[in-house]
Structure formats: structure tokens, C-alpha cells
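K.L.:
how would this look folded up:
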Amino acid sequence: MDKLLVHGGSPIHGAITISGSKNASLPILAAALLTEEDVVIRRVPDVSDTNYMVQILTGLGADVERFSGTVRITASEISDTAPYDIVRRMRASVCMMGPLLARKQRCVVALPGGCVIGDRPIDLHIRGLEALGATSEFEGGNVILTAPHGLKGATVDLCGENGPTVLGTDNVMMAATLAEGTTTITSAACEPEVVDLAEFLNSMGAKITGAGTPIITIEGVSKLHGTVHNVIPDRIEAGTFMVAAALAGDGVTLRRVHEGHLVAITAALRKAGHQVHFNNTGDACTVHRGDTPMPVEIVTEPYPGYPTDMQAQMTALFAMTPGSSVVVDTIFPQRFMHCAELKRMGADIHVADGKAVIKGVKSLSGAPVMASDLRASAALVLAGLVAKGTTEINRLYHIDRGYEHIDEKLLALGANVERVRER
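P.N.:
Numbers count the residues shown, from 1 in each chain. From the prediction side, this is the model:
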């Protein structure tokens, strides 16, 4: 099992290129099951989550080749049952339900278990697919969906207790591409990753309009064909390195970003007193740490609001920001496991009722800490960049789920980090 040693005190500077989006790649890879023809997907990040998805596709019978960020998939003959031993490792494997059901009229997918960041039910996914005519049953830890007479277009409301569901929107949208008639998704997720999936499906011959708005319309077609697609940049990886630059940077440039996807993160950093400058085309930005950082309150919201996937990283920034900052997570109110580990490094944080109050301290000290989830891991790495001494981050497999070669990118920026493999 790997761990990361972060030796604090080295300012970071220079330029790196942001990888393709993990959260866009996963449903796009799954959507390749909707056609028998060749699909080529470029800029797929080399992270464990995408590796698991490739293994699931292979386990279903698809022919998959992967090389230098490009994945070629031919799903001419596939099973309707996703292999549990791989599915259990990744929650996003539930996005297999929509394409498998549409293609095979039946799917068997293991129900995801508990999650450290809070309850993440898939009832909206199932309700949406049932609205298209599927029936569901639960057996042996699996959800079994069947539609022996095919799927029929319908109006589907995907509003949940904590707002729209991204993967639920993806599942219904994928299934509806091959349904008979027209499907309208209301309360749809508006995230850029949903838009990227819609563009991928449209390039395969689907007829989808409204992606990126709360109402998506899908006119079903009888068949989809092969395509070539470039995945969008990862806005959460970009945001993470933007925060790293605000914490420990001496001018950091990020290439291959999308300015429009980073509006909420950019606004929060500027409000906190840091400088963010985009080029004229909006595909590169440079971040400088401000001379007078200021406390800020952020509240997570569905896109285009501030993303829950970026609150842990901002908490690390606020730990070294003078004054009292506040982080409220309305999406996952229990998502504050990183705060206890940051407190081990000397941070002053009080957490209660889905809110963290962070009083900035003058310095943090390196310590052994435990990663609890993907974004919490990133927050600990960021804190380690400015801590005195060495921060030892255990359970590094969490960060490898969603950050492509994060240690190599930090080294390229001048950080003093090393990956150590424990025997």
C-alpha cells in the first residue's frame, strides 16, 4: 500500500496540464455499451476509478484497448450482468444500469454499499428507469432491472432531497436514447460532466437537447453508432491545484482548463484575496497567492454553485487564512472527515451540523494523517505543502481514485513530495 510523504516549505511554481475529467469519463465509458460499433474516447485520466470501469467493460464482454489516455471499446457481444468483484470497488459503476438496460432489456448490478461522506442512495436512478417502463427487484445485494418489451419515453422528475442527481441524470439520459418516443427529464443535474455525456451521445446519433439546464429532452432512436470523443478537463483537479497555488504558490499556471466550469471556485479564491488570471481563450489560468488573504464563507450547492468536491481543499486553505472562515456543505453534511486530520496538524476547526468554522492559524506542523475519501486526501496533501516538517498521508489509494499522477505534477511544480510503497 502506497503512502505520500509531503515535505513542507517548498513554494510551488511553474506550469502543469490538467487531465481529462474522471467524473465525465466514467459515464462516457459506460455509454459505449449502447452501440456495437467502435468507440474511441480520448483524454481518459489514468486513475483507479477509470481502470475499474475498463475492467467492468471487459468483464461484460467488451473488447477494450487502452493506450496513452485513449480508450477504444467494441461492445459487439456483452453480458447483462456486471461482475460484483469489480463493481463493489466503485460507486460510479451504477451508471452501467442505464446503458445495459437499454441495450439488453435487462441488467444486474450490485447495489453500492455505505460511503464515508454520507448516505448516497440510488433510489432516484431506479425511479427514473422505472418511469421508462423498467421493473426492478432486489436479490442477493443486486438490483435487477428488466424491460422485456423495451423502454418507453416519459417525463421523469429527478429532484432529490439534496438536489439533482448527476449519475441519476446520466443513467436516465443514456437509457432514454434507445427508448421509444420522447423522454423529458425535469430537475436534471446541470453539471458540465452531464453536458459532456450528452455531446458524446449526440455524436453517436442520439437526439438530446437541453443538457446543462434543468430540463433535458431526449428523442429516442433505434440505434447508435460509433464515434470519437475528447473528454472535458477535470474541473475538480483544476480547482485543487488552484487552491494549492493560493496556499503555497509563487505563480502557478494550469493548462487545458475550462474557465466557464471554474466560475464558483474562481470567485471563492478571489474573494479570499488571491489572484486568478485566465488567458483570452479561457483554457489556461495563472494563480498567485494574495498578499492579504481574507476569511470567506462558502456554501456548497449543485452546479453552477460551489462544488461539494472542492470544500475539503478550501478548508485546508482557510486553515492558514487569518480570521474565521465558514464552510457549509448542503450536499453531504457529513463530509468533514478531513477536519479531524487537519486538526492533528494544528488547524483550529469546529464542526457541527454540516458546518465547519475554521480559525486561521499561523502555522501547521507535519504529522501522520489518514485519508478517508478522495477529496479529503487532496486537502491533506495541500496542507502538507505549507506545514512545517513532513506530513505522512496514508491510504493513498483514495487519492489515486481521481487524481492522475498527483505526485508527479507536484514535483513538476517544485514541491518536495515522495511516494513510498510500504512492504
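K.L.:
all helices for the stretch 301-423 of the chain, in order.
P.N.:
Here the stretch 301-423 of the chain has its helices, by DSSP state H, counting those that start in this stretch, at 311-318, 337-344, 374-386, 397-400, 406-412.
K.L.:
whoops, I mixed them up, the chain
P.N.:
22-31, 48-59, 84-87, 97-104, 123-131, 166-176, 192-203, 235-248, 263-271, 311-318, 337-344, 374-386, 397-400, 406-412 (DSSP state H).
K.L.:
among these, which is nearest residue 77?
P.N.:
Distance to residue 77, taken as C-beta to C-beta, is lowest for helix 97-104 among the helices of the chain, at 10.8 Å. C-beta: built from backbone N, CA, C; applies to glycine.
K.L.:
tilt between the closest one and helix 123-131?
P.N.:
Angle of helix 97-104 versus helix 123-131, following axes from the mean of the first three to the mean of the last three C-alpha atoms, to 10 degrees, is 20 degrees.
K.L.:
relative to helix 22-31, how tilted is helix 97-104?
P.N.:
In terms of direction (the same axes, to 10 degrees), helix 97-104 departs from helix 22-31 by 10 degrees.
K.L.:
For the helix or strand of the chain with the lowest mean pLDDT, list every residue counted as buried.
P.N.:
Across the helices and strands of the chain, the lowest-confidence element by mean pLDDT, DSSP states H and E is helix 84-87, at a mean of 82. Using 16 or more other C-beta atoms under 10 Å as the test for burial, helix 84-87 gives 84, 86-87.
K.L.:
ok, how many other residues are close to residue 203?
P.N.:
Under the neighbour criterion other C-beta atoms under 10 Å, residue 203 is assigned a count of 15.
K.L.:
Generate JSON lines for the helices of the chain, with distance to residue 76 as supplementary columns.
P.N.:
As requested, the helices of the chain are arranged in JSON lines below (distance: least, C-beta to C-beta, whole Å):
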{"stretch": "helix 22-31", "distance to residue 76": "16"}
{"stretch": "helix 48-59", "distance to residue 76": "12"}
{"stretch": "helix 84-87", "distance to residue 76": "21"}
{"stretch": "helix 97-104", "distance to residue 76": "11"}
{"stretch": "helix 123-131", "distance to residue 76": "24"}
{"stretch": "helix 166-176", "distance to residue 76": "18"}
{"stretch": "helix 192-203", "distance to residue 76": "19"}
{"stretch": "helix 235-248", "distance to residue 76": "34"}
{"stretch": "helix 263-271", "distance to residue 76": "41"}
{"stretch": "helix 311-318", "distance to residue 76": "42"}
{"stretch": "helix 337-344", "distance to residue 76": "43"}
{"stretch": "helix 374-386", "distance to residue 76": "34"}
{"stretch": "helix 397-400", "distance to residue 76": "32"}
{"stretch": "helix 406-412", "distance to residue 76": "36"}
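K.L.:
Can you say which of the ones you listed is nearest to residue 282?
P.N.:
Of all the helices of the chain, helix 263-271 sits nearest to residue 282, with 10.6 Å by C-beta to C-beta.
K.L.:
Tell me which residues of that closest one come out buried.
P.N.:
Those would be 264-266, 268-269, for helix 263-271 by 16+ other C-beta under 10 Å.
K.L.:
any chance of those in CSV, plus pLDDT?
P.N.:
Below are these laid out as CSV (pLDDT from 0 to 100):
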residue, pLDDT
264, 98
265, 98
266, 98
268, 98
269, 98
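K.L.:
between those residues, which is closest to residue 231?
P.N.:
Lowest distance from residue 231 to these (C-beta to C-beta) belongs to residue 265, with 19.3 Å.
K.L.:
ok, so what distance separates that closest one from residue 229?
P.N.:
25 Å (C-beta to C-beta, to the nearest Å).
K.L.:
residue contacts, the nearest residue to residue 218 once chain neighbours are set aside?
P.N.:
In space, and not counting its chain neighbours, residue 218 is closest to residue 176: 4.0 Å by C-beta to C-beta, 6 or more residues apart in numbering. Neighbouring residues of residue 176 by C-beta atoms under 8 Å, 6 or more residues apart in numbering: 102, 132, 151, 153, 183, 185, 218, 220.
K.L.:
Near the first one, how many residues? Count them for me, please.
P.N.:
Meaning residue 102. Neighbour count for residue 102, taken as other C-beta under 10 Å: 27.
K.L.:
Give me the pLDDT for the residue nearest to it when sequence neighbours are not counted.
P.N.:
Counting by C-beta to C-beta, 6+ apart, the nearest residue to residue 102 once its immediate chain neighbours are dropped is residue 178, at 4.1 Å. Among the per-residue scores, residue 178 shows a pLDDT of 98.
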